[in-house]
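Student: curious how this folds, go ahead:
(one chain, ligands or ions: 2)
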Amino acid sequence: MTAQTLRGDVAVLVPAAGAGVRLGPGGPKALRELAGEPLLVHAVRRLSVAPSVGQIVVAAPAGDVEAVCGLLAPVAGVTVVAGGSSRQASVAAALAAADPGLGIVLVHDAARALAPPELVERVAAAVRSGLPAVIPVLAVVDTIKQVDDAGRVVGTVDRAVLRAVQTPQGFRRDVLTAAHAAAVDEHTDDAGLAEKLGVPVHTVEGDEAALKITRPLDLTIAAAILRS
Ligand SMILES: Nc1ccn([C@@H]2O[C@H](COP(=O)(O)OP(=O)(O)OP(=O)(O)O)[C@@H](O)[C@H]2O)c(=O)n1
Ligand SMILES: C[C@](O)(CO)[C@H](O)COP(=O)(O)O
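Tutor: Ligands and ions are numbered 1, 2, ... in the order given. Next up is the predicted model:
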């Protein structure tokens, strides 16, 4: 990674403190390697070349803050804080350390290590255009069934109205701050918190390369994406 200064109007919060249980043994997921480098380094490198980005705040595993500072030292404009016991707590910790002068805040999973800078720009531009909350989405390609506790099918959901949600998710800073301040329960994404406040959430097209590395096969897919 070459040293560079970040100059944009967007703070990106990077929750990276997860254990990676579904990936299997091997330490915190963000520090697991893909093509010889930690997932977090792949993610931050892509964020740092997006022209809109002015600051990156990483929520690292609490025991690895120093190591993560070392890993990311070559990128100017990166702040590292200790993450929390849930993704939501990690985002809240990163938000508290974000530069108050940056009016747009994106939240991006370290686990979506190959999200391209173009996706960051697409989300940032949509927020800059005046939208309060923006998420990247992809059409659902599988047929989706609703099942009961016994695993029996209750019905088939109309997939035309469904979308799979990715990160980065973008927000006006005051919207994300209010959403986290009002949180009373855990949500799997930040847009869910904004929805609870009645904030309209808009979508932009996602990117298949922004897959969330969750299970072992995802690492194989990510390695193939890198090679292609
Ligand atoms: N306490 C937590 C839990 C998750 N995350 C981050 O949130 C993102 C999305 O979470 P996920 O992919 O589910 O990661 P893990 O929680 O590590 O996965 P698992 O549930 O398999 O342990 C990841 O970048 C992860 O590091 C976080 O910062 N702090
Ligand atoms: C934020 C997210 O990546 C959007 O798809 C997802 O909700 C994270 O969920 P996880 O259960 O923490 O992996």
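
Student: this structure: helices as residue ranges?
Tutor: Taking DSSP state H as the test, the helices found in the chain are 39-48, 65-72, 87-96, 117-128, 173-181, 190-196, 216-227.

Student: out of the ones you listed, nearest to ligand 2?
Tutor: helix 87-96 (4.7 Å; C-beta to the nearest ligand atom). C-beta here means a position set from N, CA and C on the backbone, and glycine is covered the same way.

Student: that closest one and ligand 2 in contact?
Tutor: Yes. For a cut-off given as C-beta under 6 Å from any ligand atom, helix 87-96 has contacts with ligand 2, namely R87.

Student: list the contacts of that helix.
Tutor: For helix 87-96, the surrounding residues in contact (C-beta atoms under 8 Å, 6 or more residues apart in numbering) are 13-18, 57-59, 81-84, 105, 107, 109, 176-177, 180, 183, 186-188, 190, 193.

Student: how about a cut-off of 6 Å?
Tutor: Residues outside helix 87-96 that contact it (C-beta atoms under 6 Å, 6 or more residues apart in numbering): 13, 15, 17, 57, 59, 81, 83-84, 107, 180, 186.

Student: now swap in stretch 125-135 and tell me
Tutor: The set of residues that contact stretch 125-135 without belonging to it, under C-beta under 6 Å, 6+ apart, is 104, 123, 165, 169-172, 175, 191, 194, 199, 201-204.

Student: if you look at that stretch, does any of it touch ligand 2?
Tutor: No. For a cut-off given as C-beta under 6 Å from any ligand atom, stretch 125-135 has no contacts with ligand 2; the smallest distance is 8.0 Å.

Student: quick check: bridge partners of L34?
Tutor: In this structure, L34 has the following beta-bridge partners (DSSP bridges): E37.

Student: contacts only, for the closest residue to ligand 1 within the chain.
Tutor: Sorted by distance to ligand 1 under C-beta to the nearest ligand atom, the residues of the chain start with G18, at 2.0 Å. Residues touching G18, when contacts are defined by C-beta under 6 Å, 6+ apart, comprise K29.

Student: next, give phi and psi for it.
Tutor: Here the main-chain torsion angles of G18 (degrees, to the nearest 10) amount to phi -70, psi 160.

Student: thinking again about what came up before, near ligand 2 too, which of the contacts of stretch 125-135?
Tutor: Counting by C-beta under 6 Å from any ligand atom, V165 from the contacts of stretch 125-135 sit close to ligand 2.

Student: which bits of the protein sit near ligand 1?
Tutor: By C-beta under 6 Å from any ligand atom, the residues of the chain that approach ligand 1 are 15-22, 29-30, 59, 83-87, 90, 109-111, 212, 214.
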